[in-house]
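Participant: Below: sequence and its predicted model.
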Amino acid sequence: MFKDYYNEKARLKFIKASLPDPSAWQILPRRNVLSTYPSDFEVIKMTHTDITARLNALRNHPLVKQVVPHRKVTRTLSYVDEVDEAESDEEKEDSPPCSEDASDPCHTSRPLNRKIRSIGAAFWHSPVRHKSRRLLRSVSSKQITSALQAESLWQMGFTGQGIKIAIFDTGLAEEHPHFKKGRIKDRTNWTNEKTLEDGLGHGTFVAGVVASSKDCLGFAPDADLYIFRVFTNNQVSYTSWFLDAFNYAILRRVNVLNLSIGGPDFMDHPFVDKVWELTANGVVMVSAIGNDGPLYGTLNNPADQMDVIGVGGINFENQIARFSSRGMTTWELPGGYGRVKPDIVTYGSSVRGSALKGGCRSLSGTSVASPVVAGAVTLLMSAVMPTGAAVNPASVKQALMASARRLPNINMFEQGQGKLDLLKAYQMLKVAFQHSHTLWPWSGYLAVFITVSQEAAQWEGIAQGQVTLSIESPAEEEEGVPRVSQVNLPIRVPIIPTPPRSRRLLWDQYHNLRYPPGYFPRDNLRMKNDPLDWNGDHIHTNFKDMYVHLRASGYFIEVLGAPFTCFDGLRYGTLLIVDPEEEYFPEEVSKLKRDIDNGLSVIVFADWYNTTVMRKVKFYDENTRQWWMPDTGGANIPALNDLMSPWGMAFGDKVYEGDFNLGDHEMYYASGTSIAKFPAEGLVITDSLKDQGHEVIKGESIAALEVALLGLHQTKPAAEDAGDWGVPPTGGRIALYGDSNCLDSSHMQKDCYWLLDALLEYTSHNQLAPLLEERAINLPPNSLLELPTRMDGNHLYRYSKVLDSHLGEPRPKPLPLCPHLAWASPHALNVSAPSNLFRQQKLLSIGLEPALPIMPHADGEEPDPNDLQPPGIRDLTRGGSGANWELMGSSGRLYDSTPVFPTIAFLGMALVLVFIINHIYKGKHRPRRKRGRLKKMPTIFSGVKMPGV
């Protein structure tokens, strides 16, 4: 990749300057319509000798941005082909059937971007990668346009006219009967096949959802279609094909681009950077979020990028489709927190669209939901752009998300902002665009950290207010000064008293690694179809079910995205270390030792590790033409053993699998390890399993007796530690278990949440479950046992936050600084009302009315806002400016001690009462005249005599 666009001669000149030997490399020709235009990249094929030196020479050229492998892209969004009853017999014959072959993506829930060649094929890989998904519902005869009420906009004269939409897919026939004459403006082929036709029907279907004008209607029948054939009939593509096609889309100034593909590799930098460049040029990109649900943390790229509208799928009953991928994003892990995705959801199950040669067919998948949104966006833009409103990717995305309808009882990581509402988006679009400003780049974030001061640790109530920030955008060409906008973000936070230490758990996220950027294998070796560990190992992704269970059990879980040296062990009861792949700093080992001596407990769920098995599960990467070797097993057992060494504990290097029972609970051990060393006074539970490592290596299954699965140990504090108030100190408790698959929702067969509950009862309350106590034994010491070692020549340092390379050998990096937060200074929005007033006063609405003025003192000085706070309550934030807060107690009442208003109210009511009594008394002591009964009451209140009748 170059830093700018250059013509072919200039690019060749730059490459020759870095690679003077022309026999060692060659430029691969790109035969497409953009070959004569300037480009920002080149594809080079090199010989296998001294490649590293030549790559470094290219990277050192001042005009070269980056050098990356040429990646092969395989369609990773599956769809289910449903034959419609109205489809012609000819279409039924021509539509490609879904087979059970691994190459057919109709049945691939998650095919990789890399084909995997078998080393121990009988075990590690299967010729049948995935079976066909069962349809989620029967085929609906309802038009997708009717379901979203597109007819209302058609009747207003909006049909997509004047909007250019690009369809990146498998192509489209020029004379397809569903499209109006002249609407297909351009068809281009970017593959190595010499055809513009659609040989599969998927591109035809997607284009039909967007712009079909008959039978199965599309949203924008008068839109200008630009068809980009970027996939072969075998559904194969390359990054360079996409880069050229993206450049051509920018050149043709398309408005909307639909991309119904995706994958887990968000580190394909040329692809990701080009997507950013597209949106920077005003192209609204819509992409499918993925078909890897219902597991969390399965978002696909590019739909997981901030500048792309990521679309999830629902059925016609407004339920999240089971296949639709869930959030959160995993880019930010472990140092940050993932973003909410998908952005929006819409119908993606049993949607009708154009068939290959006419008629209609029904498909399901998020690759179907994506063109639904793309078509809706095209229709909306045709309604707004003629008004002169500023339409750009930011404003379009804002309008869609702000107008979406929330689906009940579905969390934000499944539905994003909710279901697409076409009519509301049209109304929102006009208003929103009047006040929107272009914001670029899409990078950056605003994170809000909220905590309470130590003085408010036992306070319960609601803190609400707004965060105010100003946004400055560059001036347009005709403007002289930058644009400045102020945004008020309302926040409402329920606050509870700090839970007891025994109920506070800390989840270690810092030591979890995942694909990309390296090859980290799955924790379950039986998962032949999905060998990469790519879900993030977070409590809101593949461990979400475990998190929900713990919250329902009354535990509070916090996520640690920094080294062990950055948390206060006295605040937490148990540290959860689950499936770690990262190394540990030496300072972390000593810090954890001190914390456990002071009462912190630790629960470890490990996984398999065996260097021979690791070499057996390597695979060939067709992109780099190299064998990929895992740098660690399911977990980094040598690193865990270093961490546990102060207590004489260690895991072994055997791999075990099998069913066993603990009391009445049926358990499944999926590619786990065993406990090799444990303190003599500790308790260990053993059972018989199968030696899965021997099966992988030798191809035969053998039994393993008395495998140590679970260990429990009460530690002793350091001798120099002294207890408080004369109470002897107590060290923390440690629990080890050799398999984490029973907590991981990725490929769980049997959960072990009950076991986690029992271990937490032991670590937090020193209560050992009877069924564990009955099975426990003491593990005899075995000094001859050989512990696992790190694999020679591994490259873990390339992806590690802990290791660095020094003269070809890994060594620890300097310990990073702990995150530091600068608290903002709060400004009160409301003054508390009198607590003894009969009717409770309402708080001001956030962001709608100005704050109540603060009355000056008698001496003319402004009062200190802190003087108005209730006793014992302090500001919830400290430091800079920009946050406004109001506080409510747990009962919902406001606290105040000002006696002025009650006194005035009491005196006023007393005067009125005296006045009424006086009139009644006078009326009783006067001669009565005969008058109408109805005129008596006005006399009382007015004090004026009425003439008699």
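Facilitator: Sure thing, it's come through.
Participant: residue contacts, M629?
Facilitator: M629 makes contacts with 519, 614-615, 618, 791, 794, as judged by Cβ atoms under 8 Å, 6 or more residues apart in numbering. No exception for glycine: its C-beta is placed from N, CA and C like everyone else's.
Participant: Among the residues you listed, name the buried ones.
Facilitator: Neighbour-count burial (16 or more other Cβ atoms under 10 Å) is assigned, among the contacts of M629, to 519, 614, 618, 791, 794.
Participant: By pLDDT, give me the weakest of the residues you listed.
Facilitator: Lowest-confidence member of these: Y519, scoring 74 (pLDDT).
Participant: Need the three-state assignment for V384.
Facilitator: When classified by DSSP: H, G, I helix; E, B strand; the rest coil, V384 comes out as helix.
Participant: from memory it sits against A390, does it?
Facilitator: No: using Cβ atoms under 8 Å, V384 makes no contact with A390, being 9.4 Å away.
Participant: higher neighbour count, the two?
Facilitator: Per other Cβ atoms under 10 Å, whichever of V384 and A390 has more neighbours is V384, with 20 against 16.
Participant: State the distance from that one to M412.
Facilitator: Here the criterion is Cβ to Cβ, to the nearest Å. By it, V384 lies 27 Å from M412.
Participant: what's the answer for V283, then?
Facilitator: When Cβ to Cβ is the yardstick, V283 and M412 sit 27 Å from each other.
Participant: More neighbours: which of these two?
Facilitator: Neighbours per residue (other Cβ under 10 Å) separate V283 from M412, with V283 holding more: 22 against 14.
Participant: Contact partners for that one?
Facilitator: Residues counted as contacts of V283 (Cβ under 8 Å, 6+ apart) are 166, 249-250, 254-257, 393.
Participant: Show me where the protein dips below the pLDDT cut-off.
Facilitator: Low-confidence segments of the chain, defined by pLDDT under 70: 48, 73-142, 388-389, 423-446, 529-531, 621-625, 718-729, 781-785, 823-906, 922-949.
Participant: how about a cut-off of 50?
Facilitator: Residues of the chain that meet the criterion pLDDT under 50 lie in 75-78, 83-141, 428-439, 722-728, 831-883, 885-898, 930-949.
Participant: how is it carved up into domains?
Facilitator: 1-76, 144-426, 429-473+482-495, 503-654+671-687+706-719+729-793 (the TED database).
Participant: these two touch, right, S260 and V372?
Facilitator: No: with contact defined as Cβ under 8 Å, S260 does not reach V372; the gap is 10.7 Å.
Participant: quick one: the helices in the stretch 1-150 of the chain?
Facilitator: 8-18, 51-59, 89-94, 121-124, 144-147, 150-155 (DSSP state H, counting those that start in this stretch).
Participant: Determine which of the ones you listed approaches G162 most closely.
Facilitator: Ranking the helices of the stretch 1-150 of the chain by proximity to G162 (Cβ to Cβ) places helix 150-155 first, at 14.2 Å.
Participant: Quick check: neighbours of the next helix-or-strand element following the closest one in the sheet, parallel or antiparallel?
Facilitator: Downstream of helix 150-155, the first helix or strand assigned by DSSP states H and E is strand 164-169. Paired with strand 164-169 in the same sheet, following DSSP bridges, are strand 224-229 (parallel), strand 256-259 (parallel).
Participant: Any buried residues in strand 164-169, and which?
Facilitator: Under the neighbour-count criterion of 16+ other Cβ under 10 Å, strand 164-169 has 164-169 buried.
Participant: outside of that strand, which residues touch it?
Facilitator: When contacts are defined by Cβ under 8 Å, 6+ apart, strand 164-169 is touched by residues 185, 198, 202-203, 206-207, 210-211, 220, 223-231, 242, 245, 249, 252-261, 283, 371, 374-375, 378.
Participant: please redo it, this time with the cut-off set to 7 Å
Facilitator: By Cβ atoms under 7 Å, 6 or more residues apart in numbering, the list of residues contacting strand 164-169 from outside reads 202-203, 206-207, 210, 223-228, 230-231, 245, 249, 252-260, 374, 378.
Participant: Keeping just the C-alphas, turn that strand into CSV.
Facilitator: Taking C-alpha atoms only, strand 164-169 is exported to CSV below (Å, rounded to 0.1, in the frame of the first residue of the first chain):
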residue,chain,number,x,y,z
LYS,A,164,-26.3,5.7,-7.0
ILE,A,165,-26.1,2.4,-5.1
ALA,A,166,-23.3,-0.1,-5.5
ILE,A,167,-23.9,-3.8,-5.1
PHE,A,168,-20.8,-5.8,-4.2
ASP,A,169,-21.7,-9.4,-4.9
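Participant: So what's the gap between that strand and the chain middle?
Facilitator: 27 Å (Cα atoms, centre = their mean, to the nearest Å).
Participant: Now the element after it, going C-ward?
Facilitator: Next helix or strand after strand 164-169 toward the C-terminus (DSSP H and E): strand 184-189.
Participant: Mind giving me the packing neighbours of that following strand?
Facilitator: strand 224-229 (3 or more Cβ pairs under 7 Å, 6 or more residues apart in numbering; DSSP states H and E).
Participant: got the end-to-end distance for stretch 794-802?
Facilitator: Start to finish, the residues bounding stretch 794-802 are 15 Å apart (Cα to Cα, to the nearest Å).
Participant: So for the spatially most central residue of the chain, what's the nearest residue that isn't a sequence neighbour?
Facilitator: Ranked by distance to the mean C-alpha position of the chain (Cα atoms, centre = their mean), the top residue is M328 at 1.4 Å. Across the structure, with Cβ to Cβ, 6 or more residues apart in numbering as the measure, the residue nearest M328 apart from its sequence neighbours is G338 (3.0 Å).
Participant: From what I see, the one you found and T330 are in contact.
Facilitator: Yes: look at G338 against T330 with Cβ atoms under 7 Å: they come within range, at 6.0 Å.
Participant: between these two, who's got more neighbours?
Facilitator: Comparing G338 with T330 by neighbour count (other Cβ under 10 Å), the higher total belongs to T330, at 25 against 21.
Participant: Leaving aside the residues adjacent along the chain, what's closest to the more buried one?
Facilitator: Using Cβ to Cβ, 6+ apart, the closest residue to T330 is G536 (3.7 Å).
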